[in-house]
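Peer 1: Have a look; sequence and predicted model below, questions after that.
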Amino acid sequence: MRHIKFIVPALVLLLVLSAFVWQRPKQIQYNPDPIEKRVDSLLALMTLEEKIGQMTLYTTDWGSTGPTIREGYTEDIRKGRCGALFNSHTVQFTRELQRIAVEETRLKIPLMFGYDVIHGYKTIFPIPLGEAASWDMEAIEKSARIAAAEAAAAGLHWTFAPMVDVSRDPRWGRVMEGAGEDTWLGCRIAEARVRGFQGKGIGNTDAVLACVKHFAAYGAPIGGREYNTVDMSERYFREYYLPPYAAAVKAGAATVMTSFNDYDGVPASGNRYLLTDILRKELGFRGFVVTDYTSMNEMVTHGVVVNEKEAGELSLHAGVDMDMQGAIYQRFLGQSVKDGKASVAEIDESVRRILRLKFALGLFENPYKFCDEAREKRVVFSAENRDAARDVARKSVVLLKNDKNALPLAKSANIAVIGPLADNKADLIGNWSGAGDGNACVSLLEGIKKVCLGEVTFTEGCEVEGTTRGGFLRAIENAKKADVIVVAIGEKAMMSGEAAARAEIGLPGVQEEMVKGLAALGKPVVVVLMNGRPLAIPDLDKRATAIVEAWWLGTETGNALADILFGDYNPSGKLPMTFPQSVGQVPIFYNEKNTGRPFDPNSKWTGKYIDMPNAPLYPFGYGLSYTTFEYSDPKPNKTAFKKGEPIRISVTVRNSGKRAGEEVAQLYVRDLVGSVTRPVRELKGFRKIMLNPGEAKTVEFILNDEDLSFYRRDMSFGSEPGDFEIMVGGNSMDTKKVRVTVL
Ligand code: BGC
């Protein structure tokens, strides 16, 4: 006790010194990891309430992306009860909020601002499922790069993207936000998007933190119904659902968001196996984990905890660092510490993870680093960004049908433009369109009018939904006078996305009926589909002369589509998700297992439907061009390989048509005998190649041991010797194959 008079001044001195250290980083020359030191120094100054504040994320009143369970946020900022905000953007708005944090709070810790910048901030690119159809990693990275640059210029630090949830169920509305059904393609796209968002590094004023979501397995709700239970074997999870999250983490994603669903009976936001054992220990994730919107609170409704306080404890122990909008940590975590149900050490660890990124962003040096009006004005919605959006949009279009070479259209054609989406703008930016302005979109009609030299008429004909047929007559009259009919139909933006599961996935309303009437005229009918998910449209496929899958292409929709329709750009997109014939075939995906009774048309006792074929309407990887391509047989460098030795496969692709065009040559592998059953084909590589008419190019694919690996019977990951079929072609169902042996 007699040392007390020394201890107190020593502690005071320590505190003063530590404050000095974190406020004056430049003077720390001896520390190999200045951020770590500064985080610790700051942490030492914080009260428990302030620490919990850093673990709390609230929405502003600028947008609503979930149920409203609480209001207000400025007082929370002032009191240090919230360290991050979302739905907060623009330099003007974020600067004012930041000012409160750094001028009016005790410790002046800057705020971090997040937003759902999913496919563009203001310049809106195609929806992610559409971009995935480009199979063009450079284009996808560039789109994310531009989205990040715009977002960062508008005061943002953090985007809630990429969504990397694999999904095999087009009823689930959120398929529009992902990369489709394939794990391997999903991994490549996840990496590209993380690279794009985070650019050359966190802290640059043209980059934002990425947030990989939704961890985990959110894309597999039973029945495709939003927020439903997910139940799958660990093998299935690890093999098909986990890899894209792992790829994004490996690419350096700074943050991860939990999912709403339960996994193996435990909601993701309280699932320690997912968030700590897999994410941190196995995948080596070092950033912070945020819940999805109130998903911590929803654990009470899931029925795994009795109240919100317990929910917070479960989340903290599981590894959740930040509570999005639930206010559970803020309201209960202090009490949990008092009750001995949560430890300060766990809280410190979470706060450290969050502060590290705030330091890395450079916010302590300059909290207004991302608040530069001149930059905002220069970068956001620039002509250059719009040009890039037009290019990515053209690359995302998939030509599904083109009978009698109805496309491209002659610029001199007289065109009847018909359909509820033809002169629409608001829906073209799709769901999750950030700060995008529908009115700033180029509609299809506008795009056509700019290029077409013939007469262009327009009538809506019908609505997307509803049963009104009053417009049919005028549509038919216009169509009669034209050389060709272009019909824009599909879904409204809010019909895909979150909370937009559909049990029927045909075209809504009377749109298809209208096309039936138009097709009866015997003129070419070019259907332009605008939608956020694969649709079941077998009748439309029979009636339309040509079908162009345009998804929701974003700001530059009309210009990009005009480029395609009039042949200034040759479509090269390929489907990242299977289009079924009927919702009854769902889930339907290309990499199925053979089963013990694979389909045989001559045998009753095989795996099939008695009322429809097994085959999809359009398979994974499918898409036409205005030219045609021929493939040689794939040629391996030899036929027998030692385990681990790279397998080189070459194939020659020839443009056998009359136009230059790009082809996505796809490589699939089948392990013929494994210790567990293997899919009949799995994508393991692709090359996008440009070919002039008559030109041929030989491309080489290299398969490494990892490409042949899977979770073996004992759940270890690796390859097994034996025979493999290697298939190459222009889509998953149209390939040429060769067999190799691994000894
Ligand atoms: C969605 C997330 C989104 C969050 C914030 C949730 O409802 O599931 O994907 O990032 O809201 O807007």
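Peer 2: Nice, thanks for sending it over. Residues are numbered from 1 along each chain as shown.
Peer 1: Kindly report the domain assignment for this structure.
Peer 2: The chain breaks down into these domains under automatic domain parsing: 389-585, 629-742.
Peer 1: The longest one spans what distance, first to last residue?
Peer 2: The distance separating the two terminal residues of domain 389-585, taken as C-alpha to C-alpha, to the nearest Å, comes to 34 Å.
Peer 1: Check the shortest one too.
Peer 2: The first and final residues of domain 629-742 sit 31 Å from each other (C-alpha to C-alpha).
Peer 1: Secondary structure class of Gln92, three-state.
Peer 2: Assigned by DSSP: H, G, I helix; E, B strand; the rest coil, the conformation of Gln92 is helix.
Peer 1: How about it, nearest residue that isn't a chain neighbour?
Peer 2: Glu373 (7.7 Å; C-beta to C-beta, 6 or more residues apart in numbering). (Glycine included, C-beta is placed from N, CA and C.)
Peer 1: Let me see the confidence value for the one you found.
Peer 2: As predicted, Glu373 sits at a pLDDT of 98.
Peer 1: From Thr68, how far off is it?
Peer 2: 31 Å (C-beta to C-beta, to the nearest Å).
Peer 1: Likewise for Asp387?
Peer 2: 39 Å.
Peer 1: ok, now Ser656?
Peer 2: 58 Å.
Peer 1: Same check on Arg352?
Peer 2: Where Thr68 is concerned, Arg352 sits at a distance of 32 Å (C-beta to C-beta).
Peer 1: same question, Arg394
Peer 2: Where Thr68 is concerned, Arg394 sits at a distance of 40 Å (C-beta to C-beta).
Peer 1: can you pull out the helices in the stretch 451-600 of the chain?
Peer 2: 472-481, 511-519, 538-543, 557-565 (DSSP state H, counting those that start in this stretch).
Peer 1: so which of those is the most packed in?
Peer 2: helix 557-565 (a mean of 26; mean count of other C-beta atoms under 10 Å).
Peer 1: Could you name the helices and strands sitting against the helix or strand following it?
Peer 2: Per DSSP states H and E, the first helix or strand lying C-terminal to helix 557-565 is strand 629-631. Helices and strands touching strand 629-631, by 3 or more C-beta pairs under 8 Å, 6 or more residues apart in numbering; DSSP states H and E, are strand 647-655, strand 661-671, strand 722-731.
Peer 1: Name the nearest residue to Arg95, ignoring sequence neighbours.
Peer 2: Cys371 (4.3 Å).
Peer 1: these two touch, right, that neighbour and Val91?
Peer 2: Yes - counting by C-beta atoms under 8 Å, Cys371 does reach Val91; the two are 4.7 Å apart.
Peer 1: Name the residues contacting each of the two.
Peer 2: Overlap of the contact sets of Cys371 and Val91 (by C-beta atoms under 8 Å, 6 or more residues apart in numbering) consists of Gly155.
Peer 1: one step back: the more surrounded of Arg352 and Thr68?
Peer 2: Arg352 (19 against 10; other C-beta atoms under 10 Å).
Peer 1: does Phe686 count as helix, strand or coil?
Peer 2: strand.
Peer 1: Count the residues that sit near the spatially closest residue to it that is not a sequence neighbour.
Peer 2: Leaving out its chain neighbours, the residue that sits closest to Phe686 by C-beta to C-beta, 6+ apart is Gln666, at 4.7 Å. Neighbourhood size, Gln666 [other C-beta under 10 Å]: 25.
Peer 1: Now do Gln666 against Val742, distance only.
Peer 2: Distance from Gln666 to Val742, by C-beta to C-beta: 21 Å.
Peer 1: near the ligand, which residues of the protein show up?
Peer 2: Thr65, Gly66, Asp116, Phe160, Lys213, Asp292, Tyr293, Glu498 (C-beta under 6 Å from any ligand atom).
Peer 1: Pull out the buried members of these.
Peer 2: Listed as buried from the residues of the chain next to the ligand are Thr65, Asp116, Phe160, Lys213, Asp292, Tyr293, Glu498; burial here means 16 or more other C-beta atoms under 10 Å.
Peer 1: contacting residues around the residue nearest to Glu720 when sequence neighbours are not counted?
Peer 2: Spatially, and ignoring its direct neighbours in sequence, Glu720 is nearest to Gly674 (5.8 Å; C-beta to C-beta, 6+ apart). Going by C-beta under 8 Å, 6+ apart, Gly674 touches Phe710, Arg712, Glu720, Gly722.
Peer 1: which residues touch the residue in the stretch 301-450 of the chain that the ligand sits nearest to?
Peer 2: Distance from the ligand to each residue of the stretch 301-450 of the chain (C-beta to the nearest ligand atom) is smallest for Met324, at 6.7 Å. For Met324, the contact set (C-beta under 8 Å, 6+ apart) comprises Leu57, Phe86, Met257, Val290, Thr291, Asp292, Tyr293, Thr294, Ser295, Met296.
Peer 1: one more time with 7 Å
Peer 2: Under the criterion of C-beta atoms under 7 Å, 6 or more residues apart in numbering, the contact list for Met324 reads Leu57, Val290, Thr291, Asp292, Tyr293.
Peer 1: which among the residues you listed gets closest to the ligand?
Peer 2: For the contacts of Met324, the minimum distance to the ligand (C-beta to the nearest ligand atom) is 3.9 Å, reached by Tyr293.
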